[in-house]
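*Asks:* Okay, here's the prediction I keep looking at, along with the sequence it came from:
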Amino acid sequence: MFSYTKSSVLSVTLASVAGIACSAAAQTPCPLPDNCVTNPSFETLDPRSLAGDPLGWHNLSNPNESKRRVFGDVLSPPAPMGKTGQATVMLATPGASEFRGMTTDWRNCALPNCPFYDPPFDWEGGDVVVTAWYYVPSDSPITGDLSFIKLNVKRGNQDYAAYDPPGEGTSDQLIQGHTDNQWLPYSIRWPIADIKAEVQFNADEGYFNLPPYPDHLKITLSRFGFGNAPSSGVIFWDDVTFVQEAPPSECGCAADYNQDGGVTGDDVGAFFFDFEQSAPCADVNQDGGVDGSDVEAFFLLFEAGGC
């Protein structure tokens, strides 16, 4: 088991494409409403990448150990068929537990002002949810280090907050061993409340000023260990998705209308007080109006004892 202390030092790094520094005014648009990751299955090559990176992604380390692989490419170890399509991203090791990664933190200079490929992040939105699939061959298990997905919210090149699974994630977000030659699902939920708390903490520490607020999410398929320990094995990643949920309702649970932690007659009185004022939270069924149907919706939840 590795020990890990999350660094509070936030560094500013400059990204460049073909030696040209670009100033981003916006983000690369979401390819799909339900997934803002460009080229999530790595099927498309970046025509400008000398290392053979997939479009929308950038190798942060040795291209022989962090690279796009295609089924049947005759490299070693053999690449599996992708979870969908032919392509995957492979993270190998130099034999010691150094960092290896593939990231969305790259400039899209095919568009004006070179926006980041990082998907857009809405400060007023809800929880961040990132999913993927991974595959570790049974004859090439991960030993000596860990594989995981790291997230950062950023503005320009400035990190505002980070989700580092080795320091704060769950055990299923830290990958070792093998998957018995199967594709397995991977998931991270980063609560918006946690993001805002960390951003505010780092601002209070003097790393940046607020506003402005972060506006894009960096996704990094990562592999890392500590102490330069010997490491081995490979992992393949595919089908990365990112969505940001709707912001949490300020009204809370309709049954516990006064939000005191219990469902009692006090909630009935609180609901009808707001109902008579046509207050926004009295629109329990969220149809855009406050009317008798909200009374019915409220009592259905109230009698059930919860939301």
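*Replies:* Yep, it's here.

*Asks:* What segments of the stretch 51-200 of the chain are strands?
*Replies:* Taking DSSP state E, counting those that start in this stretch as the criterion, the stretch 51-200 of the chain contains strands spanning 58-59, 66-70, 87-91, 100-103, 128-135, 142-155, 158-163, 175-177, 184-190.

*Asks:* which of those strands is buried the deepest?
*Replies:* strand 87-91 (a mean of 25; mean count of other C-beta atoms under 10 Å). (Each C-beta comes from the backbone N, C-alpha and C, glycine too.)

*Asks:* Sheet partners, orientation included, of it?
*Replies:* Here the strand partners of strand 87-91, with direction, are listed using DSSP bridges: strand 66-70 (antiparallel), strand 235-244 (antiparallel).

*Asks:* Tell me if I'm right that residue 120 and residue 37 touch.
*Replies:* No: contact between residue 120 and residue 37 fails when scored by C-beta atoms under 8 Å: they sit 11.2 Å apart.

*Asks:* for the strands paired with strand 87-91, which one sits closest to residue 128?
*Replies:* Shortest distance between residue 128 and these, using C-beta to C-beta, is found for strand 235-244: 5.6 Å.

*Asks:* Next, format the strands paired with strand 87-91 as CSV and append mean pLDDT.
*Replies:* Compiled in CSV, these are given as follows (pLDDT from 0 to 100):
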stretch, mean pLDDT
strand 66-70, 96
strand 235-244, 97
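
*Asks:* could these be laid out in a markdown table, adding distance to residue 42?
*Replies:* Conversion of those to a markdown table gives the following (distance: least, C-beta to C-beta, whole Å):
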| stretch | distance to residue 42 |
| --- | --- |
| strand 66-70 | 5 |
| strand 235-244 | 7 |
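
*Asks:* Between those strands, which one is closest to residue 82.
*Replies:* Counting by C-beta to C-beta, residue 82 lies closest to strand 235-244 out of those; the figure is 4.8 Å.

*Asks:* Run a quick neighbour tally on residue 113.
*Replies:* Applying the criterion other C-beta atoms under 10 Å, we find 12 residues in the vicinity of residue 113.

*Asks:* Find the centremost residue of the protein, please.
*Replies:* Nearest residue to the geometric centre of the chain (C-alpha atoms, centre = their mean): residue 130, 4.0 Å.

*Asks:* Run through the residues that contact that one.
*Replies:* Taking C-beta atoms under 8 Å, 6 or more residues apart in numbering as the contact definition, residue 130 lies against 149, 151, 187-188, 190, 219, 240-242.
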